[in-house]
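> 3D model of this:
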Amino acid sequence: MHHRLASLAVSPSSPRHATPRRATPRHAEKPRSSKPLAAARASPAHHPRRAAMQVFHGAQFVRLRNLWEETYITADEDGRSVYHYDPGRRPSHEAIWAVQLAVAGEPPTQYVLLRGAYGRYLGAPDAVERRWPLSCCCPAPVVGQRDFDQPVVDAIMWRAVRRTGHVVCLHDKSGRYLRGKLMSTLVCGGRPSLTVGDGRLSDDEKELRWEVRPVLPSPGRPELPIATEADLAELFVKICFPPRRREIQFVAPDGDGNIVWDSFQYQGRSVQLLRNELENRVGYAITMCVRAGRHGRLTPLLINLPHSRETLHIVALRRNSEADHRLTFPDPDAS
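Numbering: from 1, shown residues only. A predicted model of the protein is given here:
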């Protein structure tokens, strides 16, 4: 089936941001109180400020460090969850989020969208359409990686409220604040996760505070992880159990802007072996990008595939093409 390239959002629509500037808080931090941030935000002193959003201006990539747990938000390898990253571990692409600024609403308001290594966006379940069941186990909606399927998705659009320096509180378009405290989610099993809530200020307000740490772009093209599909453990699993496969749907734009979708079954998680397979099919060197939803932006796939067997949608850009040159890559070892 033939489509136009514009439908993939491969066009050079991504804005170039200005040189980063560190904003100066307009007033000193006020004493803590039990007043909800949502109510405080409505008052003149806490009206959403452009200065608070400037922590994201000029930054192409960031890490978000929670002041309560002193850990970083990280995209889980299942492709859908997020968890707290141990700062003692080696820096990884999964803990880096691409900055995407957007304007929505009336009056026009600027938001930031944070796009992870698998192309999906940081966000909780929709505030209206889906409410998380309240219980002592999971008392609040859990944040994860979401697709961008609608022109406006409130749960992935974040607004910053400055606390001090590069430390902010983040609330989504529905007014729910991003929380980093682990205690309420650890009992649910699995990795420690994040939630959103009403943002009441109290003695543990640090759970709402996030230090925005810019990550520099890589001066070159990062190397893909070395393929590990042939190690003995993997071979043993393949011999003893039927192979598990996922569908790969891919598209390779041609010089006229037309694209042709194709698909095949792929076994394993190696991003390097997948690129080799795709290059054999299209006949030239490529850069693989993923795109989460109709309105999601292209994200270079730099890590191994998610554990899940969901269909993976790949946009194969010809190496050294105009679209390929527009891509930027984060440097996990730089900050």
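
> Gln249 is in contact with Ala316, correct?
No: using C-beta atoms under 8 Å, Ala316 is not in contact with Gln249; the gap is 11.0 Å. Yep, even glycine has a C-beta here, placed from its N, CA and C like the rest.

> if you count what's nearby, which of those two comes out ahead?
For Ala316 versus Gln249, neighbours defined as other C-beta atoms under 10 Å are more numerous around Ala316 (22 against 12).

> which stretch of helix or strand covers the more buried one?
Element membership of Ala316, judged by DSSP states H and E, is strand 312-318.

> what does Ser263 give?
In the assignment (DSSP H and E), Ser263 maps to strand 258-267.

> List the strands paired with that strand, with their directions.
Using DSSP bridges, the strands paired with strand 258-267 are strand 2-4 (antiparallel), strand 245-251 (antiparallel).

> Of these, give the one that comes closest to Gly123.
strand 245-251 (23.6 Å; C-beta to C-beta).

> List the buried residues in the strand holding Ser263.
Ile259, Tyr266 (16 or more other C-beta atoms under 10 Å).

> after the strand holding Ala316 comes which helix or strand?
Counting by DSSP H and E, what follows strand 312-318 is helix 322-325.

> Just the buried positions in that next one, please.
Those would be Ala323, Asp324, for helix 322-325 by 16+ other C-beta under 10 Å.

> Ok, stretch 284-301 next?
286-293, 295-301.

> Just the terminal-to-terminal distance for it.
17 Å (C-alpha to C-alpha, to the nearest Å).

> Mind listing residues that contact that stretch?
8-10, 14, 98, 100, 115-121, 145-151, 221, 252, 271, 274-275, 278-279, 312-320, 324, 327, 329 (C-beta atoms under 8 Å, 6 or more residues apart in numbering).

> Can you select the buried ones among those for me in PyMOL?
Buried members of the contacts of stretch 284-301, defined by 16+ other C-beta under 10 Å, are picked up in PyMOL with:
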select buried, resi 8+10+14+98+100+115+116+117+118+119+120+121+145+146+147+148+252+271+274+275+278+312+313+314+315+316+317+318+324+329
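
> so Trp210 touches His166, yeah?
No: Trp210 is beyond contact range of His166, at 9.2 Å (criterion: C-beta under 8 Å).

> which ones are touching Glu279?
Ala285, Ile286.

> tilt between the one helix or strand it maps to and strand 312-318?
Glu279 belongs to helix 271-282 when assigned by DSSP H and E. Angle, helix 271-282 to strand 312-318, by axes from the mean of the first three to the mean of the last three C-alpha atoms, to 10 degrees: 60 degrees.

> Point out where this protein drops to low pLDDT.
The chain contains residues with pLDDT under 70 at 1-50, 91, 128-139, 181-192, 199-204, 228-243, 255-257, 335.

> higher neighbour count, Trp210 and His166?
Trp210 (27 against 19).

> Apart from its chain neighbours, what residue comes closest to that one?
Nearest residue to Trp210, sequence neighbours excluded (C-beta to C-beta, 6 or more residues apart in numbering): Leu64, at 4.8 Å.

> so that neighbour sits in a strand?
Yes: Leu64: assigned to a strand according to DSSP: H, G, I helix; E, B strand; the rest coil.

> what residues are up against it?
Counting by C-beta under 8 Å, 6+ apart, the residues that Leu64 touches are Tyr72, Ile73, Trp97, Leu114, Trp210, Glu211, Val212, Arg213.

> was I right about the last one contacting Phe61?
Right, the one you point to is Arg213. No: with contacts counted by C-beta under 8 Å, Arg213 stays clear of Phe61, the gap being 9.7 Å.

> neighbour count winner among these two?
Phe61 (24 against 17).

> wait, doesn't that one sit right on Val212?
No: using C-beta under 8 Å, Phe61 is not in contact with Val212; the gap is 10.9 Å.

> Can you give me the domain boundaries for this structure?
The chain breaks down by automatic domain parsing into domains covering 11-215, 232-325.
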